[in-house]
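Q: My questions are about this predicted structure, shown below with the sequence.
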Amino acid sequence: MDNPWKDRYGEEVLMRKREIIAETGDLAIGYRMRSRVNHVMQHLSLQACQGELVALIGRNGTGKSTLLRTLVGLQPALGGTIKLQGKDLHAIGSSLLPRIVSFASTEPVAVRNIKVRDVVALGRFPFTNWIGTLTTDDEEAVSEALEATGLTMLAGRSIDNISDGERQRTLIARSLAQDTGLLVMDEPTAFLDLPSRFSIVSLLRQLTRERNKCVIYSTHDLDTAINEADRIWLMTGEGIAEGAPEDLILTGTIARAFESPLLSFSSSEGTFSFIRGMQTGIALEGTGLAARLTEKALSRCGYRTDPQAAIKIKVRETPDGPEWIVVSGLQTDHCRSLYDLVSILPGDAGQLP
Amino acid sequence: MKGMSSRLTLAMTGIIILVIILFIADLLIGSTHIDASEVIRSLFGHGTPGGEIIVTQFRLPKALTAIIAGAAMSVSGLLMQTLFRNPLAGPDVLGVSSGAGLGVALTLLTLSPLFTLSAGSALQGWGLILAAWAGAGAVMMIIMAVSVRMRDIMTVLIVGLLLASAISAVVSLLQYFSNESMLRTYVIWTMGNLGNISYPQIRALAMATAAGLVIAFLMVKPLNAMLMGETFSRTVGVKMSSTRIILLVAASILAGSVTAFCGPLAFIGVAVPHIGRLVFGTTDHRTLMPGVALCGSVVLLLSDIISALPGGGHIIPVNTVTSLIGIPVVLWIILGKTGMGRRF
């Protein structure tokens, strides 16, 4: 009998059996202020599995934090059920819950001169005795968490003397030291520059792959979420759409949630771009990177390429680098940079609708 | 605790030695000159009658009170700073000392005349301590209620200031209607005084302080978690509402008892925790709390020595000295490089 699931070395490859670690059923979230009940969102039926990176995205004020806080038991649900590791959240005692789910928020740390290692060690809180003594096992877990997040060298530094990205890694290490199957993080990439954002999200992804953790994180960073997450929970005014990033692109959900008069979503690329108005035609001649970037610069300034157009631009490679020749009627101009090229074109084409 | 580094051991040993040295110095130095040999003979009951009275009835209780009160006020401040996540929190800054003072004023100025007690007897016992605890606890509750709603450090400080002013207005009113001897007792009390405390009172103060310190030390683990914020604390299993109440009770017992007997000691509670963090280089309450307690004893012993420096023949109110030590520390926190010290 031939097993279809064999890799090229002939070893049996099982379909990854994913165990559901977090599940909500008809969940309602929001706030209860005395007699008034303020529903932020209702009828949420969501799932997250072991070994999955789940990105919660949505525009400001859609209730991302509220959902995450409800999920980890920081605020009560207004209705419906939450199950973590198959158990109802209410049935999980307050001593057991910290061993199932950890939470890292954007809450600032109150102290200045606390060391990275000491912050990570606080992740062992649910395991230590009344005074918080770290056993050999605890020390080992802390060291391992530091290593997994690449912080071993910084362990002795005070959290004031490390970068924002490293501080975020410290919080991830703290969650890791807590040794839970489910890690929930509220905006771990907020305030970070582009390389740090990518490195944080790829670290989170690595944890799901190498340690079979489930990481649920909220973010505004659509790019990394679409490229790295296994599952996206997309919050919109109407509710949450759930699926692989590509599923949500395919159904047009992402486009609908984020498109505006100024933004258009390219489904094939999975990226957003500005919508330019009043497009004037321009003829472009040339090949290679210089020509592609010329097209991009022209598009930014409100031109589209049109072989029939009156203005012609020819990109030419010279020994001194590319040169642009602009022919408009009888007039011919030579430019040595795209900046020069764009500045001699008629100016009013780049305005937004 | 295998991680107790040599630096911490060194700092801890150093500060214990410093407490002992200052304790001895406090016995030796005073506004009246007494020879060291005479002081030692007096301590063992073989001194001259005059010297013996000064040493055993005045200097010794004063030095013991300085050790106890310094530790109590400083740990109370430490608890409040972590609890309110506010580097400028302290019993006097947030009006807790004023609250205790109101309790004392009510006892001294209204209750004792009503029950025809003399001012002296009212000052003796646990009645005063209980009144101070109640006053401190009441103010602490109000501050807690405000700080749960208002995250802003400044708002909480301003509420503390307003409370203190409101309380002092009430106290002025009480003073207006009270007789002269009661008033005198009260005014002297407000200046902060480590002397004038009898041994039974010291015993009461020591017991209350010990209770407060034990409760506080039982809370070091949640206190450490609270450095990471309330959200984190809750997600690792700290029961915040009961933890808050226990910490408020401990801080009120500590600050209230000291205030009852020694008056509102200014700036010890807010400044010493920062000195402790600086000396011990840690934020871990397991070492910081005993460290801060010892630093508090050092600062108050030192203040007491300075307030009774020989030559003048006078004793300056100890509050003047603690203010001169404490205010620069507070300024340093406010003007420090993290600005308005959102963190500590």
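A: Thanks, I have the structure now.
Q: Identify each of the helices in the stretch 251-353 of chain A and give its residue range.
A: Along the stretch 251-353 of chain A, counting by DSSP state H, counting those that start in this stretch, helices occupy A:253-258, A:288-300, A:338-344.
Q: Quick one: closest of those to chain B.
A: Between chain B and the helices of the stretch 251-353 of chain A, the tightest spacing by CB to the nearest CB is seen for helix A:253-258, at 27.7 Å. Every C-beta, even on glycine, is put in place using the N, C-alpha and C of the backbone.
Q: what about residue 34, how many residues close to it?
A: Answering for chain A, as no chain was given. Applying other CB atoms under 10 Å in any protein chain shown, we find 5 other residues in the vicinity of residue A:34.
Q: try chain B instead
A: Around residue B:34 there are 21 residues (other CB under 10 Å).
Q: For the stretch 51-200 of chain A, list the residues in contact with chain B, please.
A: Neighbours of chain B within the stretch 51-200 of chain A, by CB under 8 Å from any CB of the partner chain: A:69, A:72-74, A:94-95, A:97-98, A:101-105, A:107-114, A:118-119, A:122-123, A:125-126, A:128, A:130-134, A:174, A:178.
Q: ok, back up a step: what's the most buried one of the helices of the stretch 251-353 of chain A?
A: Mean neighbour count (mean count of other CB atoms under 10 Å in any protein chain shown) peaks for helix A:253-258 among the helices of the stretch 251-353 of chain A, with a mean of 18.
Q: Would you mind listing what in chain B touches chain A?
A: Within chain B, the positions adjacent to chain A are B:1, B:3, B:82, B:85, B:218, B:220-221, B:224-232, B:234-239, B:277, B:281-284, B:286, B:338, B:342-344 by CB under 8 Å from any CB.
Q: What count of nearby residues applies to the closest residue to chain B within the stretch 151-300 of chain A?
A: Distances between the stretch 151-300 of chain A and chain B by CB to the nearest CB are smallest at residue A:178, namely 7.0 Å. Close neighbours of residue A:178, defined as other CB under 10 Å, add up to 26.
Q: who's in contact with it?
A: By CB atoms under 8 Å, 6 or more residues apart in numbering or on different chains, residue A:178 lies in contact with A:98-99, A:102, A:123-126, B:236.
Q: what about it, distance to residue A:50?
A: Remark: distance between residue A:178 and residue A:50 (CB to CB, to the nearest Å) = 16 Å.
Q: again, but for residue B:318
A: According to CB to CB, residue B:318 and residue A:50 sit 63 Å apart.
Q: now swap in residue B:277 and tell me
A: Separation of residue B:277 from residue A:50 (CB to CB): 42 Å.
Q: Neighbour count for the two, which is higher?
A: Remark: of residue B:277 and residue A:50, residue B:277 carries more neighbours, 22 against 19, as counted by other CB under 10 Å.
Q: and that one, what pLDDT?
A: Predicted confidence (pLDDT) for residue B:277: 90.
Q: my guess is it meets residue A:113, correct?
A: Yes: the criterion here is CB atoms under 8 Å, and residue B:277 meets it with residue A:113 at 6.9 Å.
Q: which residues touch residue B:188?
A: Residues near residue B:188 by CB under 8 Å, 6+ apart: residue B:196.
Q: what residues are shared contacts of residue B:277 and residue A:113?
A: Joint contacts of residue B:277 and residue A:113 (CB under 8 Å, 6+ apart) are residue B:283.
Q: check contacts around residue B:66.
A: B:26, B:194, B:297, B:300-301, B:303-304.
Q: And the residues you listed, which is closest to residue B:142?
A: Ranked by distance to residue B:142 (CB to CB), the contacts of residue B:66 are led by residue B:300 at 27.5 Å.
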